[in-house]
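Student: build me a model:
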Amino acid sequence: MDPCPFVRLLVGNLALKVPVASKPARSVVHPSSSPCFCKIKLKNFPLQTAVVPFIPPENQFPDGQVQTLAASFHLSKADLEKLAAKSIFAGKLCLKIAVYTGRRGTTCGVNSGRLLGRVTVPLDLAGTETRSCVFHNGWISVGKDTKGSSAQFHLNVKSEPDPRFVFQFDGEPECNPQVFQIQGSIRQPVFTCKFSFRNTGGPNQRSRSLQSETISSRTWLSSFGSERERPGRERKGWSITVHDLSGSPVAAASMVTPFVASPGSDRVSRSNPGSWLILRPGDGTWKPWGRLEAWRERGSSDGLGYRFELIPDTNGGMGAAGIVLSESTLGSNKGGKFVIDLGGGSNGRATPGSATSPACSPRSSGDFGYGLWPYCSYRGFVMSATVEGEGKCSKPSVEISVQHVNCTEDAAAFVALAAAVDLSMDACRLFSHKLRKELCQHQDLLG
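Tutor: Residues are numbered from 1 along each chain as shown. Predicted coordinates for the structure are as follows:
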């Protein structure tokens, strides 16, 4: 089945030059002490903010500057049609950027930044599903003074085709749903999911081709997580296996570190998160592909915190550290989207530089800093999955970039990851609240 058309609108390479003559006397302080940011708005899409670095007036961007992506908008076919629709109340489609000096945030309810100027970039998205397009690349004068003494704002605005495979669970992951591939109005079943408790029959016991590897699988499962009994309340042993339509297992997610209430509380803490391994079949056994950690955030956010890292294939060795691809928080009430976007985004990482592995480094000036550690072949948008809030019926919708799917197992691994994220919302639910019966082992129900 063909993928669904998507377009990414990318905003990057931001910089600000303020001529020395136009600076107030107090600005003898180095420019880095005077922060600057901008707010980026595209019609009905959520507002995005980004830091704008200062560069010396004599410099010409991008010479000697690192290329960075500041914001990205993901446009489906339906989004493109809405944006292209004619309206007597709306003018030509534009990207609007407001540039501010000062720090982001508010003080006593008042915005801290001072508006320096506004920039408008006209957009024509016709045909962008099949071709790249640069809408602006260069300097723009900002502020009321448009003469040579005005501030100069640099940006690059472009669009790229980003076709994606779209999958939809027809039920909650713990209820053994089918997974359909979506293309327009066409729904085609491609996977089935089976939820179980690992100590009563995990993926190895159901997989005919992988039965002989049960013992060895337990060995590396314990090396990544903790199989020991822990005092206090805990949720453990959950497992979900993804099968293709022939019944063969093509991916799995296994809870390897129990989700345990921290002492004196009824929540899973960030300092002691639960974790999952995302597994792919290979050489007659399950091989770890990724690791997902999850916990319950404290304070006003009170959401699901998570971190996903890729486990490099080191030919059986365990020495290489994982590379963090995504780390963020999802609202426990409203849910949200789990995203892996290595070019920028609300949930993904612009670069996995905070991981214990080597950070990304730019490869070319027009590449917005894409250039990954050799163990990681992912770049740009990788995948997203919807997650509903607590107590709501969740049927995850998964989008996967075509460039990251070469076989059925590739897509299945992302589907298994989406299921693990969804189940983590339940695993991190306050222990004062009961879970649905599908998520409770027999002894829990008796208790």
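
Student: surely residue 187 meets residue 178?
Tutor: No - between residue 187 and residue 178 there is no contact under Cβ atoms under 8 Å: 9.9 Å. Backbone N, C-alpha and C define where each C-beta goes, glycine included.

Student: show me the shaky parts of the chain.
Tutor: 1, 20-34, 61-67, 87-90, 105-112, 144-149, 199-232, 314-320, 344-376, 442-447 (pLDDT under 70).

Student: can you show me the CA trace of the top helix by length along it as CSV?
Tutor: For the chain, the helix that runs over the most residues, judged by DSSP state H, is helix 408-427. Extracted C-alpha coordinates of helix 408-427, given in CSV (Å, rounded to 0.1, in the frame of the first residue of the first chain):
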residue,chain,number,x,y,z
THR,A,408,7.9,-5.3,7.8
GLU,A,409,10.0,-5.7,10.9
ASP,A,410,11.0,-2.0,10.8
ALA,A,411,7.4,-0.9,10.9
ALA,A,412,6.5,-3.5,13.6
ALA,A,413,9.3,-2.2,15.9
PHE,A,414,7.8,1.3,15.9
VAL,A,415,4.3,-0.2,16.4
ALA,A,416,5.6,-2.1,19.5
LEU,A,417,7.2,1.1,20.8
ALA,A,418,3.9,3.0,20.4
ALA,A,419,2.2,0.2,22.4
ALA,A,420,4.9,0.4,25.1
VAL,A,421,4.4,4.2,25.4
ASP,A,422,0.7,3.8,25.6
LEU,A,423,0.9,1.1,28.3
SER,A,424,3.4,3.2,30.3
MET,A,425,0.6,5.7,30.9
ASP,A,426,-1.2,2.9,32.8
ALA,A,427,2.0,1.6,34.4
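
Student: next one: it to chain centre, how far?
Tutor: 13 Å (Cα atoms, centre = their mean, to the nearest Å).

Student: can you check stretch 163-181 too?
Tutor: The chain centroid and the centroid of stretch 163-181 are separated by 18 Å under Cα atoms, centre = their mean.

Student: ditto for stretch 303-311
Tutor: The mean C-alpha position of stretch 303-311 is separated from the chain mean by 9 Å, Cα atoms, centre = their mean.

Student: now what about that stretch, what contacts it?
Tutor: 270, 273, 288-297, 322-332, 338, 340, 355, 375-376, 378, 387, 417, 421, 424-425, 428 (Cβ atoms under 8 Å, 6 or more residues apart in numbering).

Student: most centrally placed residue in the chain?
Tutor: residue 339 (2.0 Å; Cα atoms, centre = their mean).

Student: using the three-state scheme, assign it.
Tutor: Following DSSP: H, G, I helix; E, B strand; the rest coil, residue 339 is assigned to strand.

Student: ok, now how distant is it from residue 16?
Tutor: Distance of residue 339 to residue 16, given as Cβ to Cβ, to the nearest Å: 28 Å.

Student: could you do residue 341 as well?
Tutor: Distance from residue 341 to residue 16, by Cβ to Cβ: 25 Å.

Student: the stretch 51-200 of the chain: strands as residue ranges?
Tutor: Using DSSP state E, counting those that start in this stretch, the strands of the stretch 51-200 of the chain run over 69-76, 94-101, 106-107, 110-111, 114-122, 133-142, 151-161, 164-169, 178-183, 186-197.

Student: how about those strands in JSON lines, adding distance to residue 402 and mean neighbour count?
Tutor: Putting the strands of the stretch 51-200 of the chain into JSON lines (distance: least, Cβ to Cβ, whole Å; neighbours: other Cβ atoms under 10 Å) gives the following:
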{"stretch": "strand 69-76", "distance to residue 402": "14", "mean neighbour count": "22"}
{"stretch": "strand 94-101", "distance to residue 402": "25", "mean neighbour count": "20"}
{"stretch": "strand 106-107", "distance to residue 402": "41", "mean neighbour count": "10"}
{"stretch": "strand 110-111", "distance to residue 402": "41", "mean neighbour count": "9"}
{"stretch": "strand 114-122", "distance to residue 402": "27", "mean neighbour count": "15"}
{"stretch": "strand 133-142", "distance to residue 402": "19", "mean neighbour count": "16"}
{"stretch": "strand 151-161", "distance to residue 402": "10", "mean neighbour count": "21"}
{"stretch": "strand 164-169", "distance to residue 402": "6", "mean neighbour count": "21"}
{"stretch": "strand 178-183", "distance to residue 402": "12", "mean neighbour count": "18"}
{"stretch": "strand 186-197", "distance to residue 402": "15", "mean neighbour count": "17"}
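
Student: TSV please, covering the ones you listed and showing distance to residue 277.
Tutor: Shown next, in TSV, are those (distance: least, Cβ to Cβ, whole Å):
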stretch	distance to residue 277
strand 69-76	28
strand 94-101	41
strand 106-107	42
strand 110-111	44
strand 114-122	44
strand 133-142	41
strand 151-161	33
strand 164-169	20
strand 178-183	20
strand 186-197	15
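
Student: for residue 37, find the nearest of those.
Tutor: strand 94-101 (5.5 Å; Cβ to Cβ).

Student: which secondary structure elements does that closest one sit against?
Tutor: Where contact means 3 or more Cβ pairs under 8 Å, 6 or more residues apart in numbering; DSSP states H and E, strand 94-101 is packed against strand 6-17, strand 36-42, strand 114-122, strand 151-161.

Student: and residue 53, how many neighbours?
Tutor: 16 (other Cβ atoms under 10 Å).

Student: setting the sequence-adjacent residues aside, check what's closest to it.
Tutor: Among residues not flanking residue 53 along the chain, residue 15 sits closest, at 5.8 Å (Cβ to Cβ, 6 or more residues apart in numbering).

Student: enumerate the beta-bridge partners assigned to the one you found.
Tutor: residue 154 (DSSP bridges).

Student: can I assume it is in contact with residue 57?
Tutor: No - using Cβ under 8 Å, residue 15 is not in contact with residue 57, being 11.3 Å away.
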